[in-house]
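J.: Just to be clear, the model below is a prediction. Sequence and coordinates:
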Amino acid sequence: MSYDLMVFEKTKAPTTKKEFMAWYEKQTEWEEEHDYQTISVSSPALQNWFMEMKEKFPPMNGEYAPNLDLFDEDLEQHTVDYCIGYDVIYAAFSWSVVDEAYELMRSLAQKHKVGFFDVSGDDGDIILPDGTMIK
């Protein structure tokens, strides 16, 4: 089991929680016509977010995945299962790095002007880049 967070293209997401959750469910059906590992399918803002995020939390799979043949516990804990869509990037983190992942992901979302969704959080916070919460 993992702790899941998501960033999203703010221009594509609904602005009420009920509509957002329906949109989220549709996004996570993973029915887009691509492999979900290739960052070039996403918006420029999501691509920029990913390129910075992967420096601390590299992907398990795809072009930017590190070589895990040599065991490195810190690297292994920081490796993330990303699902990359047109308008969302879903990230599944190890529980051992939850606080660090949450803080970095949220701050980079704000920096790159994409939305942030705490999928696994008790309250399921949905936060726009300006700090506004979708309710």
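T.: Received, thanks. Numbering: from 1, shown residues only.
J.: buried ones in the one helix or strand Met21 maps to?
T.: Using DSSP states H and E, Met21 maps to helix 17-27. Buried residues in helix 17-27, defined by neighbour count with 16 or more other C-beta atoms under 10 Å: Phe20, Trp23, Tyr24, Gln27. (Each C-beta comes from the backbone N, C-alpha and C, glycine too.)
J.: if you skip the residues just before and after it, what's nearest to Asn61?
T.: In space, and not counting its chain neighbours, Asn61 is closest to Gln37: 5.2 Å by C-beta to C-beta, 6 or more residues apart in numbering.
J.: In a strand, the one you found, correct?
T.: No: if the criterion is DSSP: H, G, I helix; E, B strand; the rest coil, then Gln37 is coil and not within a strand.
J.: Hmm, it is touching Pro59, no?
T.: Yes: if you go by C-beta atoms under 8 Å, Gln37 and Pro59 touch, sitting 7.3 Å apart.
J.: Now for the two: what residues contact both?
T.: Residues touching both Gln37 and Pro59 (C-beta atoms under 8 Å, 6 or more residues apart in numbering): Tyr82.
J.: Compare the two and say which is more crowded by neighbours.
T.: Ranked by neighbour count (other C-beta atoms under 10 Å), Gln37 and Pro59 place Pro59 first, with 21 against 16.
J.: With only the CA atoms kept, save stretch 93-108 in PDB.
T.: Provided in PDB are the C-alpha atoms of stretch 93-108 (Å, rounded to 0.1, in the frame of the first residue of the first chain):
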ATOM      1  CA  PHE A  93       5.000   7.100  -2.400                       C
ATOM      2  CA  SER A  94       6.400   4.800   0.300                       C
ATOM      3  CA  TRP A  95       4.900   5.600   3.700                       C
ATOM      4  CA  SER A  96       8.400   6.200   5.000                       C
ATOM      5  CA  VAL A  97       8.700   9.400   3.100                       C
ATOM      6  CA  VAL A  98       5.100  10.800   3.300                       C
ATOM      7  CA  ASP A  99       5.900  14.100   5.100                       C
ATOM      8  CA  GLU A 100       8.800  14.900   2.800                       C
ATOM      9  CA  ALA A 101       6.900  13.900  -0.300                       C
ATOM     10  CA  TYR A 102       3.800  15.900   0.700                       C
ATOM     11  CA  GLU A 103       5.800  19.100   1.400                       C
ATOM     12  CA  LEU A 104       7.900  18.900  -1.800                       C
ATOM     13  CA  MET A 105       5.000  18.000  -4.100                       C
ATOM     14  CA  ARG A 106       2.800  20.700  -2.700                       C
ATOM     15  CA  SER A 107       5.500  23.400  -2.900                       C
ATOM     16  CA  LEU A 108       6.400  22.400  -6.400                       C
END
